[in-house]
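Trainee: Here's a sequence, model it:
(2 chains)
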Amino acid sequence: MDTHLNQETYRLRCGVAVYAEQHKAFEQLLTEALTQIPANFVFLADVAGQVILAKGEHKAVNLVMLGSLVAGDLAASQEIARLTSQFQDYQIVLREGANVNTFITEAGQYLVLLVQVDHDIPLGWARMIVKQVGQRLGQVMEGTETAVGQQPTLTFGHSDSNLSELFDEALDDLWGET
Amino acid sequence: MRINWQLRILNLKIVYYGPALSGKTTNLEQIYKSVDPQRRSDLVSLKTNEDRTLYFDFLQLELGKISGLTPQIQLYTVPGQAYYEASRRIVLRGADGVVFVADSDVRQMRANVESWQSMHQHLASFGPSQAALPIVVQFNKRDLRSAMPVPIMSQLLKLNGHPCFEAVAISGQGVLPTLKAITKSVVSQIQRELA
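Mentor: Numbering: from 1, shown residues only, chains lettered A, B, ... in the order given. Down below sits the predicted model:
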């Protein structure tokens, strides 16, 4: 089942959209972080856990599972900070390991960034780059909102009932394939 | 709802909410078992040593393309035990729709009502858009001898036109209709917002 966008007449008024230009900017920033730190692995998801990008050594990593866990981890850390009155923007969670250190940071209000670095990379240096990259990612995500009029908008090109039926059928297909 | 134009992915977050042991995780386990592994993620379960949900369960479904976009439905459960209120609030945040899983056991009515009320308090605290979130109610464990009649449960929860489904999630009964109903409600809501 694959229908296409007929026209782009409606504007997305809820939720978060990642546009092609933003995606390219994210890719560039993650690549920079990977080489500049240097990091083993960088991973970007949204705050609901949806995977956006991964760079570096991640062939053996289940990225979908990782997205949900990283988002949950950051959300829990933010809530802990709120409960203890220590909440600030761009807080970083650091997990020190024997071989690898892992940073998890918010990147604006919509994104979460995970960076893994070897233990011999100075923590202060890595933390500084992670924080900078997180801020720049957040700016890319939020900055484009102001130019949203030039961005593609969302329409399904179907009437309400038809679209619901399409989702119904898609779920039936999913169920019936086993 | 989240949309990635570069990857052409439309992402919906649906949260299964309800009192402890009402069958939220069982719903996700049944979905996990029933769907082709190529079309779903692994099931993430963060559990205590006693096999109770500590933080959340997570499962992602990938539907066939619709309007040129690939819809991905992220299913989350919340921990049901009373002292995990803060965790429930975290998981609920950003949801596009909620399935409230009520326990039909007559002894669980108070827990159902408390959970229902706390859910609405959390949603209201997120702002007006979240307060109007699509909600579907699943009356689970209908096979129990002690199952409370559905009209009484509806009355206790003061349901106001929410779609309701009877289920025996442990055997898979009612799981898909519930999922389809919440997806339909979410899609309708999105369309209303886009109009």
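Trainee: centroid residue for chain A?
Mentor: residue A:45 (2.1 Å; CA atoms, centre = their mean).
Trainee: what are the bridge partners for it, then?
Mentor: For residue A:45, the beta-bridge partners are residue A:51, residue A:112 (DSSP bridges).
Trainee: Return the distance of it relative to residue A:64.
Mentor: For residue A:45, the distance to residue A:64 equals 10 Å [CB to CB, to the nearest Å]. No exception for glycine: its C-beta is placed from N, CA and C like everyone else's.
Trainee: Residue A:94 now?
Mentor: Separation of residue A:94 from residue A:64 (CB to CB) stands at 24 Å.
Trainee: The two - which one has more neighbours?
Mentor: Neighbours were counted for residue A:94 and for residue A:64 using other CB atoms under 10 Å in any protein chain shown; residue A:64 has more, 22 against 13.
Trainee: tell me which element the more buried one is part of?
Mentor: Under the criterion of DSSP states H and E, residue A:64 resides in helix A:63-83.
Trainee: which residues of chain A fall in helices?
Mentor: Taking DSSP state H as the test, the helices found in chain A are A:20-36, A:63-83, A:123-143, A:160-176.
Trainee: Low-confidence stretches in chain B?
Mentor: Counting by pLDDT under 70, chain B has low-confidence residues at B:131, B:194-195.
Trainee: and stretch A:162-170, which residues are buried?
Mentor: Neighbour counts over stretch A:162-170 (16 or more other CB atoms under 10 Å in any protein chain shown) mark A:163, A:164, A:166, A:167, A:170 as buried.
Trainee: In CSV: those, plus distance to residue A:133 and pLDDT.
Mentor: Output for these, formatted as CSV (distance: CB to CB, whole Å; pLDDT from 0 to 100):
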residue, distance to residue A:133, pLDDT
A:163, 38, 79
A:164, 41, 80
A:166, 39, 85
A:167, 37, 86
A:170, 37, 87
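Trainee: Check these one by one and keep those near chain B.
Mentor: A:163, A:164, A:166, A:167, A:170 (CB under 8 Å from any CB of the partner chain).
Trainee: these two touch, right, the third one and residue B:66?
Mentor: This points to residue A:166. Yes - between residue A:166 and residue B:66 there is a contact at 5.1 Å, judged by CB atoms under 8 Å.
Trainee: In chain B, what residue spans correspond to strands?
Mentor: For chain B, strands defined by DSSP state E occupy the ranges B:2-4, B:9-17, B:44-47, B:53-62, B:70-77, B:97-103, B:135-140, B:164-166.
Trainee: In chain A, where is pLDDT below threshold?
Mentor: Applying pLDDT under 70 to chain A flags the ranges A:1-15, A:90, A:144-161, A:176-178.
Trainee: tell me the contacts of the closest residue to residue B:69 other than its chain neighbours?
Mentor: In space, residue B:69 comes closest to residue B:10 once its chain neighbours are excluded; the distance is 4.5 Å by CB to CB, 6 or more residues apart in numbering or on different chains. Listed by CB atoms under 8 Å, 6 or more residues apart in numbering or on different chains, the contact partners of residue B:10 are B:1, B:2, B:3, B:66, B:69, B:70, B:71, B:72.
Trainee: ok so, going back, can you redo the strands of chain B as CSV with distance to residue A:17?
Mentor: Below are those laid out as CSV (distance: least, CB to CB, whole Å):
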stretch, distance to residue A:17
strand B:2-4, 5
strand B:9-17, 10
strand B:44-47, 25
strand B:53-62, 19
strand B:70-77, 15
strand B:97-103, 19
strand B:135-140, 25
strand B:164-166, 32
